[in-house]
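Undergrad: Prediction below, plus the sequence it came from.
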Amino acid sequence: MKISPIYLPVLFASALVASACGASDAPLNAAPTETNPPTANEPAPAAPPSSDGVAAALSDTELGSVMVGPDGRTLYGFTNDTEAASTCYDACADAWPPVIVDKDWAVAPGLDVGIFATTTRDDGSLQLVAGKWPLYYYAADTKPGDVSGQGSGDVWFVVAADGSLVKEAAATETPSTGGPVSSANTELGDTLVDEDGLTLYGFTNDTDGETTCVDDCADAWPPLIVDSAELPAGLDAETYSVIERPDGTFQLKAGKWPLYTFAADQNPGDVNGQGSGDVWFVVAPDGSLIKDGAESAPASSSDASSDQRPASSSSY
């Protein structure tokens, strides 16, 4: 079964675990605690094996190669489960549907069937187990490639091919340009990233290539600072330049856009700031902004006003 993962990080998915499963520690990017699991676009409670009998397969995600169900959605293990038996029922099972199989279950090529087994749930159904971990979906993952449950409550983690839990993201290689900025492929296409691989953004309220993001705004959207007014080695002067900020530091600019990271982006490939306030957008390698997943045409300083949005408290 060929599965094409779609990388769509979800910023606010993991708050669900704290209410559903009694976890005490929420992820750093958790939204305020919800009292009920998500209902919009919620998947079926427990997907059975697909028509060819395959209950689990492997797929590449931003966390590396992990186990997925027959529909391509990511599978998770729960560290509160002991002795390969499920402890996730009721509201927990609404948020984390178990992987239910029939007696003829099978796994896809690339997986060792010897590490799999089943455990009998309280209702008599069979739940697939990999290694010592009963397997679950996450209700907020709606598409193949979603891994929004990763690290929820510090008890839910994706599962590797050998049945172990993956608690750290796979290393992301970022092409180097020999300077503080390079390009990398994200779910929005090729975008500019800083030397740590974090996505770079432009702010449409910046006019004439000058920064307007200072103080609290700069805390949420840290500017990409360089050492001096001189363009760093390895960067094309036709695309990049340097401006001086009000505090006397120097900020790198691509096209007409001063460059920023987003404080809520924790890992390479995160694009959580995209479209924020309808004024923040990722930047393409040619210095244009990427809006709605499509690259916008590079703009000259003379048409800067066409990109402006009214400033508001939600802009950053």
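TA: Cool, got the structure. Quick caveat: nothing in here was measured; it's all calculated off a predicted structure.

Undergrad: tell me the domain ranges of this protein?
TA: Following automatic domain parsing, the chain resolves into domains at 13-166, 181-307.

Undergrad: what's the spacing between the first one and its chain's center?
TA: The reference is to domain 13-166. Domain 13-166 has its average C-alpha position 17 Å from the chain's average C-alpha position, going by Cα atoms, centre = their mean, to the nearest Å.

Undergrad: picking up where we left off before, comparing the domains of the chain by mean pLDDT, which bottoms out?
TA: When those are compared on mean pLDDT, domain 13-166 scores lowest, with a mean of 80.

Undergrad: And the strands in the stretch 51-200 of the chain, which stretches?
TA: Per DSSP state E, counting those that start in this stretch, the stretch 51-200 of the chain carries strands over the ranges 54-61, 64-68, 76-78, 100-101, 106-107, 116-120, 126-130, 133-134, 156-159, 165-166, 181-186, 189-194.

Undergrad: Out of the ones you listed, the one nearest Ala220 is which?
TA: Closest to Ala220 of these, according to Cβ to Cβ: strand 189-194, at 15.9 Å. Using the backbone N, CA and C atoms, a C-beta is placed for each residue, glycine as well.

Undergrad: residues in contact with the closest one?
TA: 174, 180-185, 199-200, 224, 254, 259, 261, 268, 271, 282-285, 290, 293, 295 (Cβ atoms under 8 Å, 6 or more residues apart in numbering).

Undergrad: mind running it again at 7 Å?
TA: 174, 180-184, 199-200, 224, 254, 259, 261, 268, 282-285, 290, 293, 295 (Cβ atoms under 7 Å, 6 or more residues apart in numbering).

Undergrad: go on, stretch 157-170?
TA: Contacts for stretch 157-170 (Cβ under 7 Å, 6+ apart): 58, 62-67, 74-77, 110-111, 115, 130-131, 133, 135, 147, 150-151, 267.

Undergrad: picking up where we left off before, would you list the domains of the chain in CSV and tack on mean neighbour count?
TA: Shown next, in CSV, are the domains of the chain (neighbours: other Cβ atoms under 10 Å):
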stretch, mean neighbour count
domain 13-166, 18
domain 181-307, 18
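
Undergrad: On the strand side of things, show who Ala184 bridges to.
TA: On the basis of DSSP bridges, Ala184 is bridged to Thr191.
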